[in-house]
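>>> Sequence first, then the predicted structure, then my questions.
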Amino acid sequence: MSTFVGGKLKLKGGEPLKGGVKKKKKKSSGSELALTSSLQEQDPAGAGGEDKPKAAEPIKTKDGFILPDPPKEADRRTEAEKKHAQRVAKLEEERLRKQATKGYRDRVKDFNEHLASLSEHHDIPKVGPG
């Protein structure tokens, strides 16, 4: 009638002495073997005597493959993206230059003038007695 099974929750990777469930190991040796054999079939000359990988090929490690970084000269942005980045950098530089010329007192004075120009709607209401 009831499908409830009593007992503690068994977590993976816990100590087997405490009744935990063992993790299953991944079997990646077959897929790595197939991948290396397919790479050798595609480039039989490279499989012959060279041990160091080429710049465009992924580097095989214990955990997987590391893809090489793209060349630094290759900028894949469009002209509009490049112009936008230049404009943003220019505006940022101007803003920083303007901010660097002002001192603390000037910034506080400007901020107080800005607050004074706001309407009463933006005033902070008093809370509590008094």
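Okay, I see it. Numbering: from 1, shown residues only.

>>> how about the strands of this structure, start to end?
59-60, 65-66 (DSSP state E).

>>> Provide the strand pairings for the first one, with the direction of each partner.
Strand 59-60 has its sheet partners listed here by DSSP bridges as strand 65-66 (antiparallel).

>>> now what about the partner strand, what contacts it?
P58, I59 (C-beta atoms under 8 Å, 6 or more residues apart in numbering). The C-beta positions use only the backbone N, C-alpha and C, and glycine is treated the same way.

>>> returning to that earlier point: just name the most buried of the strands of the chain.
Mean neighbours per residue, mean count of other C-beta atoms under 10 Å, is largest over the strands of the chain for strand 59-60, with a mean of 13.

>>> possible to save the strands of the chain as CSV with mean pLDDT and distance to Y104?
Shown next, in CSV, are the strands of the chain (pLDDT from 0 to 100; distance: least, C-beta to C-beta, whole Å):
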stretch, mean pLDDT, distance to Y104
strand 59-60, 82, 53
strand 65-66, 83, 49
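
>>> so which of those strands gets nearest E113?
The minimum distance between E113 and those falls on strand 65-66, with 56.4 Å, by C-beta to C-beta.
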